[in-house]
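Participant: Based on what follows, work out the 3D shape:
(one chain, ligands or ions: 1)
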Amino acid sequence: MQSTKIAILGATGAVGQEFLRLLAERDVPAANIRLLASARSAGKTMAYGDDALTVQEVSADAFSGIDIALFSAGGSTSKQWAQVAVDAGARVVDNSSAFRMTDGVPLVIPEVNPQAIGDAPIIANPNCSTIIMNMVVWPLHQVVPVERIVVSTYQAASGAGQQAMIELETQTADILAGKAAMPTVFPVQSAFNLFSHNSEIDADGYNIEEVKMIKETRKIFGAPNIKITATCVRVPVPRAHSESINLELSAPMSADRAREILSTAPGVKVVDDRVKNYFPMPIDASGKDDCLVGRIRRDISRDDERGLDLFVCGDQIRKGAALNAIQIAELIAG
Ligand code: A2P
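Facilitator: Model (predicted):
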């Protein structure tokens with residue numbers, strides 16, 4: 001990675017800034033990084049170690065000489081610029097939903113399906129809730145195939161971008177100061193509240209976030225028939241998602257066996273202290289690479305040992321977005 005020339009499209013956003021932190025941790029020299037955003041940010045400087053990098057407006061020339069372009073500027077921007085970047089010789093790792101379900105575009109969680117990357121010019125980074133769920137479901141599915149997943153999410157503001165995080169913070173301060181909440185990014189008050197995910201609702205009554213979790217998991221697992229139902233909810237947490245997961249397995253698996261499997265799963269840390277009643281929390285997952293899993297227990301509503309309950313927390317900006325994309329970039333760079 002250190003000699004790879006990297007462009008970040010959406011550098012000024014929440015995920016873009018995390019890309020920079022992750023590249024700094026990997027000692028990628030400033031000279032090999034190009035920051036791109038909209039005309040609004042052109043000329044702005046961003047700190048990178050001891051250096052200051054200047055943001056450029058994305059343009060047809062912006063990708064020349066770039067090996068890997070990390071995109072996190074929304075779906076329409078990805079659709080506009082991905083092919084331009086590929087034509088300029090770059091491989092694109094796209095964090096938006098623009099190409100995730102496109103045939104021939106691999107949808108990759110490096111701990112799950114790294115082999116799918118191949119020599120594809122565009123690689124899609126899955127939805128944040130999908131990644132965090134599957135970091136714990138996949139290792140279990142490898143041992144005993146999962147037949148059905150019932151998931152409920154408790155999603156942080158960061159999934160809606162930097163402005164949503166700022167809105168949660170300022171709205172919290174405003175309410176504590178006795179002022180009215182003034183939602184502008186989210187459709188309703190986010191502070192001291194929770195609400196059904198702010199994405200469009202389909203004919204079945206599912207919101208698009210829920211549909212993403214279902215369809216993307218099937219594609220990533222190569223399991224078109226796995227049954228999944230999801231309920232996605234926003235909570236007043238800045239940057240880590242939590243998920244309650246119920247699994248129906250094709251054969252029995254004890255909670256102890258599940259705990260053992262998850263304790264050696266890459267990118268996963270078991271936090272499951274029943275004595276101290278200490279389990280995964282978004283504040284513990286924030287800023288961390290690992291997804292935390294706990295509340296690992298047999299589903300006692302069943303007579304057999306084919307049901308498991310889990311609770312997982314993962315940093316939405318890190319593993320849910322930037323870290324996953326950087327891991328893909330590392331696999332591409334070799
Ligand atoms: P800018 O700051 O110039 O608007 P977030 O998801 O945290 O809101 O961040 C979105 C990122 O995508 C920002 O870096 C933003 O840049 C960038 N972006 C949004 N729209 C465009 C666009 N049309 N062209 C290039 N970059 C864009």
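Participant: how far away is the residue of the chain found nearest the ligand from residue 63?
Facilitator: Nearest to the ligand in the chain, going by CB to the nearest ligand atom, is residue 13, at a distance of 2.1 Å. Where you see a C-beta, it was placed from the backbone N, CA and C, and this is true even at glycine. Distance, residue 13 to residue 63, using CB to CB, to the nearest Å: 18 Å.
Participant: more crowded one of the two?
Facilitator: residue 63 (25 against 22; other CB atoms under 10 Å).
Participant: give the contact list for the nearest residue to residue 222 once chain neighbours are set aside.
Facilitator: Nearest in space to residue 222, with sequence neighbours left out and distances taken as CB to CB, 6 or more residues apart in numbering, is residue 113 at 7.4 Å. Contact partners of residue 113, counting by CB atoms under 8 Å, 6 or more residues apart in numbering, are 106-107, 220-222.
Participant: Using JSON lines, please lay out those together with pLDDT.
Facilitator: Formatted as JSON lines, those follow (pLDDT from 0 to 100):
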{"residue": "106", "pLDDT": "98"}
{"residue": "107", "pLDDT": "98"}
{"residue": "220", "pLDDT": "98"}
{"residue": "221", "pLDDT": "98"}
{"residue": "222", "pLDDT": "98"}
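Participant: Quickly check the residues you listed for the two that are furthest apart.
Facilitator: 106 and 221 (13.1 Å; CB to CB).
Participant: about what we covered before: thought residue 161 was touching the residue of the chain closest to the ligand, still the case?
Facilitator: Yes. Look at residue 13 against residue 161 with CB atoms under 8 Å: they come within range, at 6.0 Å.
Participant: which parts of this structure sit against the ligand?
Facilitator: 10-14, 16, 37-38, 40-41, 58, 73-74, 77, 161-163 (CB under 6 Å from any ligand atom).
Participant: Which members of these occur in helices, if any?
Facilitator: 14, 16, 77, 162-163 (DSSP state H).
Participant: Tell me which stretches of this structure form strands.
Facilitator: Taking DSSP state E as the criterion, the chain contains strands spanning 6-9, 33-37, 45-48, 51-57, 68-71, 91-94, 122-124, 146-155, 195-196, 227-234, 240-249, 268-270, 291-298, 307-315.
Participant: wait, which of those strands is closest to residue 283?
Facilitator: Closest approach to residue 283 among these (CB to CB): strand 240-249, 7.4 Å.
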